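Participant: Compute the structure for the input listed below.
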Amino acid sequence: MNKTNMLDFSELIRFTEKYIISIDPVLQSRDYTTNVFIAVNTFCYFITEMIADNLAKYCKTSNILPRFAPRINMKNEFLFSRMILSDTKKRYMSKVLLREGHDDNKIDIKGLDFMKSSTNDTTKQYFKTLAQKEILEAEDIDIANVIRGTHFLQEKIENDLRSGGKHFLTPISVKEPEAYDEPLRNQGIRGVIAWNVVYPNQEITLPDKLDIIKVNLETEESIEELKETHPDIYKNILNGIFRNPDETIRKKGIDILAIPRNVDAIPEWVIPYINYDAVINGNITKFHPILKSLGIEIIKTESKAGKSYFSNIIDF
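Facilitator: Residues are numbered from 1 along each chain as shown. Sure thing, here's the model as predicted:
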């Protein structure tokens, strides 16, 4: 069984810089990283010896057979220059300098929502770059820069949507309806039904990989303008959704629209009906655990949906 512990050597490094390196010309001539590696490995040597003695006592008092006792030891695996933890276990990001004593200079991100397959590639890459530049590799973390960077993405998402761009839509794999206990509770199925109603000559055949977008077409009144601007689409939605024999379809209307991957842009008629707040928030919330770790307060609304928004309030 492996047991993992993280040791913080930052104070020891600062002590070494102040009282050892600063008074030794030879050490001063070396680059900073080399001195850090030497200091950390020196500390690890002493700690390993100390832990070995403690583990030997533990094995003896626990009546572990002498031939098994040497198997219980300390392994020094990683050296991180910085690590950001979240409230949920196994979700963190770090800058790795060494792995088992060898150079392993890389960014390591584990379990965080903005790196999962349910996040579009544009948001994923943006937050990865923001995290690397402003958090993991910054000499000092500037919270204002992180907030500004997140605000910038909000504006970028809205501008892209209003121009018909698909860069910030949610990627999803949708199975056949029979694969779900309650198909209409699945947003992918609802999105596909909506698309097939609007475009009966370009039907989506399941299973398929699609992009979905949240829209505000949940009542018959909400589609009134389409009667003048897009009469064919209006008629398709009216008959296929709001006059559908299935009561569940009638009640839900269209809150999700699936868009096939071979369609280059969001259809022009959809743009006024996009639920901009939901799409933007759906992208930004994936970075909330990191913002919260930095002390940025996340505010949750009292509404039924209970959406969360980041603020400029810093918790010290």
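Participant: What residues of stretch 239-248 count as buried?
Facilitator: The neighbour-count check on stretch 239-248 (16 or more other Cβ atoms under 10 Å) flags G240, I241, F242, N244 as buried. For the C-beta atoms, the positions are set from N, CA and C on the backbone; glycine is no exception.
Participant: same question, stretch 288-307
Facilitator: Neighbour-count burial for stretch 288-307, counted by 16+ other Cβ under 10 Å, picks out H288, P289, I290, L291, K292, S293, I296.
Participant: Please apply the same query to stretch 97-112.
Facilitator: Buried residues in stretch 97-112 (16+ other Cβ under 10 Å): L97, L98, I109, L112.
Participant: Now do that stretch: distance from first to last residue.
Facilitator: 21 Å (Cα to Cα, to the nearest Å).
Participant: Any idea which residue is closest to the centre of the protein?
Facilitator: Residue closest to the mean C-alpha point of the chain, counted by Cα atoms, centre = their mean, is F114 at 1.8 Å.
Participant: Spit out the contact partners of the closest residue to D255 other than its chain neighbours.
Facilitator: In space, and not counting its chain neighbours, D255 is closest to E218: 5.4 Å by Cβ to Cβ, 6 or more residues apart in numbering. Neighbouring residues of E218 by Cβ atoms under 8 Å, 6 or more residues apart in numbering: K252, G253, I254, D255.
Participant: The third one bridge partners, please.
Facilitator: In this structure, I254 has the following beta-bridge partners (DSSP bridges): L217.
Participant: pLDDT value on it, please?
Facilitator: pLDDT, I254: 98.
Participant: Go ahead and confirm it touches E220.
Facilitator: No: applying Cβ atoms under 8 Å as the test, I254 and E220 come out as separate, 10.9 Å apart.
Participant: so where's this protein uncertain?
Facilitator: Along the chain, segments meeting pLDDT under 70 span 1-2, 303-305, 316.
Participant: Which strand or helix spans the residue lying farthest from the centre of it?
Facilitator: Residue farthest from the centre of the chain, counting by Cα atoms, centre = their mean, is P66 at 47.1 Å. Assessed by DSSP states H and E, P66 sits outside every helix and strand.
Participant: Ramachandran angles for it?
Facilitator: Main-chain torsions, P66, degrees, to the nearest 10: phi -50, psi -30.
Participant: quick one: it and T48, what's the gap?
Facilitator: Per Cβ to Cβ, to the nearest Å, P66 is found 20 Å from T48.
Participant: before we move on, what about T122?
Facilitator: Using Cβ to Cβ, one gets 45 Å for the distance from T122 to T48.
Participant: Ok, C59 next?
Facilitator: To T48, C59 is 16 Å away according to Cβ to Cβ.
Participant: With E302 instead?
Facilitator: According to Cβ to Cβ, E302 and T48 sit 53 Å apart.
Participant: Packing partners of the helix ranked longest in the chain?
Facilitator: In the chain, taking DSSP state H as the definition, the longest helix is helix 32-61. For helix 32-61, the elements it packs on are helix 10-19, strand 92-99, judged by 3 or more Cβ pairs under 8 Å, 6 or more residues apart in numbering; DSSP states H and E.
Participant: Please identify which of T122 and T48 sits among more neighbours.
Facilitator: Legend: neighbour count by other Cβ atoms under 10 Å for T122 and T48, higher for T122 (18 against 14).
Participant: so what secondary structure elements neighbour the helix or strand that contains L210?
Facilitator: Here L210 sits within strand 208-217, counting by DSSP H and E. Applying 3+ Cβ pairs under 8 Å, 6+ apart, one finds that strand 208-217 contacts strand 170-174, helix 187-198, strand 254-260, helix 276-284.
Participant: Export those as a markdown table, with columns for mean neighbour count.
Facilitator: As requested, those are arranged in a markdown table below (neighbours: other Cβ atoms under 10 Å):
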| stretch | mean neighbour count |
| --- | --- |
| strand 170-174 | 18 |
| helix 187-198 | 22 |
| strand 254-260 | 22 |
| helix 276-284 | 19 |
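Participant: mind checking which of these is nearest S29?
Facilitator: Among the helices and strands packed on strand 208-217, helix 276-284 comes nearest to S29, with 47.0 Å by Cβ to Cβ.
Participant: quick one: I193 and R250 touch, right?
Facilitator: No: if you go by Cβ under 8 Å, I193 and R250 don't touch, sitting 11.8 Å apart.
Participant: Thanks again, I'm all set now.
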